[in-house]
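Trainee: structure, please.
(chains A, B and C)
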Amino acid sequence: MKIDNSLPLEYSTEENRLKILGFWIFLGAEIALFSTLFTVYFVLVNGVGNGPSPKDIYELKMVLIQTFLLLTSSFTIGLGIHAMRLGLKKAMMTFFIITLVLGLGFLVFEIEEFITYVHEGATIQTSGFLSSLFTLLGTHGLHVTFGLFWGTAILMQVKKQGFTPETTNKSFIFSLYWHFLDVVWIFIFSFVYLKGLM
Amino acid sequence: MKQLFPVSHVMGFVFSLVLSLVALTVVFYDMSYAMGMTILLITAFAQASVQLLMFMHMGESKDKVTLYTNIAYALFVGVFTILGSLLLLVWDI
Amino acid sequence: MKWDEFFVFTHDPMLFAAMISIVLGGLAIFVGLTYFKKWGYLWTEWLTTVDHKRIGVMYILVALVMLFRGGVDALLMRAQSAVPENGLLNAQHYNEIFTTHGLLMILFMAMPFIIGLMNVIIPLQIGARDVAFPRLNAVSFWLFAAGAALLNISFVIGGSPDAGWTAYFPLASLEYSPTVGNNYYSLALQISGIGTLMTGINFIVTILKMRAPGMTLMKMPMFTWSVLITNVIIVFAFPVLTVALALMMLDRQFGTQFFTMSNGGMDMLWANLFWVWAHPEVYIVILPAFGIYSEIISTFARKNLYGYKSMVVSMVAISLLSFLVWAHHFYTMGQGVMANSIFSIATMAIAVPTGVKMFNWLFTLHKGKITFTTPMLYSLAFIPIFTIGGVTGVMLGMASADYQYHNTMFLVAHFHYVLIPGTVFAVIAGFHYWYPKVFGYQLNERLGKLGFWLITISFNVAFMPLFILGLNGMTRRMYTYSEETGFGPLNMLSFVGALGLALGFIVLVYNIYWSARYSPRDTSGDPYDARSPEWSTHSPVPVYNFAIVPTINSLDAFWYAKKNKAPFFEGKYEPIHMPSNSGQPFLMGVAFCFWGFFMVFSWWIPAIISALGIFATMIYRTFERDHGYYISVEEIERTENALRGDKQ
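Mentor: This next block holds a predicted model:
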């Protein structure tokens, strides 16, 4: 395997560069996926049937906590990659662990929010609006959940193998994924919650 | 310790918090729908750019033209899917 | 669920016969493999392969089987409507058959045939040794195969989807389609769709990053360009299908309200999402066809492709426009005049880049030294026949006129006139054209031409009457009609055409058999004196594709190297890095197939266990450390000498 030492380790082999580009294109597909979910939400947001409307159920406090947790986790994983480029394994792992813990925190609050909705009689089966809301949030939440497992698997490899072209490549790609989930959340925050409460 | 917190990342984080606060104004101040949506669109896309450029290092690799094209294409498809669907199913024109 | 709802083949003698033939066929394969001790060969050489050429061959093999399945559906449909008040099929069976015909032909025949050709040819055409992600490529194939298997199981277990390949709501909802048929629809398409998405990513990266030195984007062969654009469309269109199918599954199996007509749902949203994906899908199956025709026409006209740049520009334009025209599939759904007008104009605009391409092919032929080989005949027939399809498409694209044509046989005739000369002729032409590259011998020309004439003439006999029937008012998807309508004679004519088409395809299959036995070996690797780099290596292609990666300094560099007697390959052998085979993609496909099957019947516990199986294959993959292997210089020399030795 040819290693180009002038580049950061995660870009150092041809295979690594292919994987990073491939993952970016995958993120392009993810944009299309979430755009479609947003389409569904925007089309159905007024289809409340006999159920509650957005204003009835959205709670700003919960949303702000989730937003803060996810924004911060996006910041810490960025720091993790920065530490990785400096070759600081312990710092990198610490930042990654903080990121995953914040992600878990986000998920706990999201699930709590879902439980509150259900207690208020707003389930995924209630109305077109709620079906689209739960599906949009749920898809994002499932991505976060998947990310928690994926990130843990990568951390285990970094711990065992240290920084190699493979492990740094995986960590970097994971960071792209995590930042992207934050980007999606920004749009959910703005166009689902804030627009709904406007 | 200082080297662990590069200025660009800290700035990016501060930016995204500030932009979130600016977006929040649409809830707390009474404003027209058009005004609110304009604020949300600007803050959301600005925040997304912060993530893409400052955190995801979009411009650092040799493939950056491909990456920008890819995101532009995805946004093209996404925006037209949303607007077209609203045109067909919701807006009454 | 009762057992007779599960084993639906017990209801109907025709389905029962199908079930028996599936079981017997499966048994024959099993016994054959055991008798000839081929299980090990099958596993090591095919099921675990990550070689793009073999994956391509497997795609095409599945596509041919599905062509047969979809073709039988078509014959049954035409037979049913050949005479008025026919009782060959009942209404439900007819519904299932036109649904599966559409699904199989588009998603499990046209798509895999194209992806198969793509797999075999693209790395060769760009001078690469494999695709960017060989392992992912195998995953793509096995997910596709899992989806295909699932959809075919539906035929005998549980019942096929029966709401049309478009599966419009509310018809496809649980209320109006209570069988599990449409659960199969949502899950089978979902699984194979994920595979297709991965193919899209894989080929974009391959084409952008793995081209031979010197091959800039504007020096790529036209087929490579068309595949690049196609995969861009795949990457951005398939996520829409993923979402639409997930919502369908949620609506049918989890009681959500997306496409319901009460509680704030909107049934039209399904049609909207479906066509947001399905219109680009049309271009996904047609653009590679354009690429194939470009290769064949320039090869057999002995001229470089006319208007290369305008070809590229028009394809890029098509890729963007294809996302802006979806509403022309449902002008009559009740949206406003303004909306219809916008989509109508966008639709007619898309005819412009397509027209540009037509003229380019004609100018390529102009003053060319044309040889009429089988692939060339298909390409030449494509031009006028496809134009009929295109022109009727523009007729349908006018929103006001469409109120007259909508959902009539005129539409059915139109899209067959686009898809058959466009896609089917192209994949058959490509199949004949590249066959020697893969197998080392050509298909017989006489049989090929016989097949061509049978298929082309019968195609027109089968589908031209449908234009007239449509204008006379016959709607599509009617399982029967009364004699007074007067639709009888033209439908009978169409049935005769369908039989002719079937005969043509039998000749094609016979040609494969005949050529395998009697065709002389092509030792040159370049039987047509062709232009693009795939012809510069041996046939059949060695596992590493090129012993030395060529340097490309112009479009048609291989052609100019031959004309100038200049060497195409320069340099010396070096060890070649290759990816290792793996059983993980196959097992992942199997796990997906089981997961899909259990999901169809809402058997949650087994579904969860299968899902864990899917995750297990993923976890295995992330912890796996596999750096592939190297082919040594000595081994390359040995292989090359053997292949060259054959030539003398």
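Trainee: how many residues are close by residue 39?
Mentor: Going with chain A. Using other CB atoms under 10 Å in any protein chain shown, residue A:39 has 25 neighbouring residues. From N, CA and C alone the C-beta is placed, and that goes for glycine too.
Trainee: my question was about chain B
Mentor: As a burial measure, residue B:39 scores 20 neighbours (other CB under 10 Å).
Trainee: who touches it in this structure?
Mentor: Listed by CB atoms under 8 Å, 6 or more residues apart in numbering or on different chains, the contact set of residue B:39 reads B:22, B:23, B:25, B:26, B:31.
Trainee: what's the pLDDT at it?
Mentor: Residue B:39 carries a pLDDT score of 92 in this model.
Trainee: repeat for residue C:10
Mentor: pLDDT recorded at residue C:10 is 66.
Trainee: could you find the closest non-adjacent residue to the closest residue to chain C within chain A?
Mentor: With CB to the nearest CB as the measure, residue A:47 is the residue of chain A nearest to chain C, at 2.7 Å. For residue A:47, ignoring the flanking residues on the chain, the nearest one in space by CB to CB, 6 or more residues apart in numbering or on different chains is residue C:264 at 2.7 Å.
Trainee: hmm, back to that, contacts with chain A among the contacts of residue B:39, please.
Mentor: Contacts with chain A within the contacts of residue B:39, as defined by CB under 8 Å from any CB of the partner chain: B:23, B:26.
Trainee: most neighbours out of the contacts of residue B:39, which is it?
Mentor: Highest neighbour count within the contacts of residue B:39, by other CB under 10 Å: residue B:23, with 25 neighbours.
Trainee: quick one, longest helix in chain C?
Mentor: When chain C is parsed with DSSP state H, its longest helix is helix C:267-300.
Trainee: what comes up buried for it?
Mentor: Residues of helix C:267-300 classed as buried by neighbour count (16 or more other CB atoms under 10 Å in any protein chain shown): C:267-300.
Trainee: show the pLDDT at the closest residue to residue C:282 other than its chain neighbours.
Mentor: Nearest residue to residue C:282, sequence neighbours excluded (CB to CB, 6+ apart): residue C:322, at 7.4 Å. Residue C:322 is assigned 92 on the pLDDT scale.
Trainee: excluding its backbone neighbours, what's nearest residue C:585?
Mentor: residue C:138 (3.8 Å).
Trainee: can you give me the helices for chain A?
Mentor: With DSSP H as the criterion, chain A has helices at A:14-44, A:54-57, A:60-85, A:89-119, A:128-161, A:165-188, A:195-197.
Trainee: of those helices, which approaches chain B most closely?
Mentor: Among these, helix A:14-44 comes nearest to chain B, with 3.0 Å by CB to the nearest CB.
Trainee: neighbours of residue B:73, how many?
Mentor: Neighbour tally, residue B:73, other CB under 10 Å: 21.
Trainee: please save the CA atoms from the following helix or strand past the longest helix of chain C in CSV.
Mentor: Note on helix C:267-300: by DSSP states H and E, the next helix or strand toward the C-terminus is helix C:308-321. Output of helix C:308-321 as CSV, limited to C-alpha atoms (Å, rounded to 0.1, in the frame of the first residue of the first chain):
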residue,chain,number,x,y,z
TYR,C,308,-18.9,14.6,-28.5
LYS,C,309,-19.2,17.8,-26.5
SER,C,310,-22.8,18.3,-27.3
MET,C,311,-23.5,14.7,-26.3
VAL,C,312,-22.0,15.4,-22.9
VAL,C,313,-23.8,18.7,-22.4
SER,C,314,-27.1,17.2,-23.4
MET,C,315,-26.7,14.4,-21.0
VAL,C,316,-25.9,16.8,-18.1
ALA,C,317,-28.9,18.9,-19.1
ILE,C,318,-31.1,15.7,-19.1
SER,C,319,-29.8,14.7,-15.7
LEU,C,320,-31.0,18.1,-14.2
LEU,C,321,-34.2,18.3,-16.2
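Trainee: which strands and helices sit next to helix C:308-321?
Mentor: Other helices and strands packing on helix C:308-321, by 3 or more CB pairs under 8 Å, 6 or more residues apart in numbering or on different chains; DSSP states H and E, are helix C:222-253, helix C:267-300, helix C:337-365.
Trainee: dump these to JSON lines, plus distance to residue C:314.
Mentor: Shown next, in JSON lines, are those (distance: least, CB to CB, whole Å):
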{"stretch": "helix C:222-253", "distance to residue C:314": "10"}
{"stretch": "helix C:267-300", "distance to residue C:314": "9"}
{"stretch": "helix C:337-365", "distance to residue C:314": "3"}
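Trainee: can you redo those helices as a markdown table with mean pLDDT?
Mentor: A markdown table is the format used below for the helices and strands packed on helix C:308-321 (pLDDT from 0 to 100):
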| stretch | mean pLDDT |
| --- | --- |
| helix C:222-253 | 96 |
| helix C:267-300 | 94 |
| helix C:337-365 | 91 |
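Trainee: among the ones you listed, which comes closest to residue C:76?
Mentor: helix C:267-300 (23.4 Å; CB to CB).
Trainee: what about the residue nearest to residue C:585, how many neighbours?
Mentor: Every residue meeting other CB under 10 Å relative to residue C:138 is counted, giving 28.
Trainee: that one against residue C:50, yeah?
Mentor: Yes - Residue C:138 is within contact range of residue C:50, at 5.0 Å (criterion: CB atoms under 8 Å).
Trainee: for the closest residue to chain B within the stretch 351-500 of chain C, grab the count of nearby residues.
Mentor: Nearest residue of the stretch 351-500 of chain C to chain B: residue C:399, at 12.3 Å (CB to the nearest CB). Neighbours of residue C:399 under the rule other CB under 10 Å: 21.
Trainee: ok, it to residue B:78 distance?
Mentor: Separation of residue C:399 from residue B:78 (CB to CB, to the nearest Å) stands at 25 Å.
Trainee: kindly report the same for residue A:86.
Mentor: Taken as CB to CB, the span from residue A:86 to residue B:78 is 36 Å.
Trainee: which of the two has more residues huddled nearby?
Mentor: Taking neighbours as other CB under 10 Å, residue A:86 and residue B:78 compare with residue B:78 leading, 24 against 13.
Trainee: what angle do the helix or strand hosting that one and helix C:337-365 make?
Mentor: Using DSSP H and E, residue B:78 sits within helix B:64-89. Calculated by axes from the mean of the first three to the mean of the last three CA atoms, to 10 degrees, helix B:64-89 forms an angle of 140 degrees with helix C:337-365.
Trainee: give me the distance from stretch C:509-517 to the chain's centre.
Mentor: A distance of 22 Å separates the centroid of the chain from that of stretch C:509-517, by CA atoms, centre = their mean, to the nearest Å.
Trainee: domain parsing of chain B, as residue ranges.
Mentor: Following automatic domain parsing, one gets these domains for chain B: B:1-56, B:59-93.
Trainee: tabulate those (a markdown table), appending distance to residue C:206.
Mentor: Converted to a markdown table, the domains of chain B look like this (distance: least, CB to CB, whole Å):
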| stretch | distance to residue C:206 |
| --- | --- |
| domain B:1-56 | 23 |
| domain B:59-93 | 13 |
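Trainee: show me the shaky parts of the chain.
Mentor: Since no chain was named, I'll use chain A. Scanning chain A for pLDDT under 70 picks out the ranges A:1.
Trainee: ah, I was thinking of chain B
Mentor: B:93.
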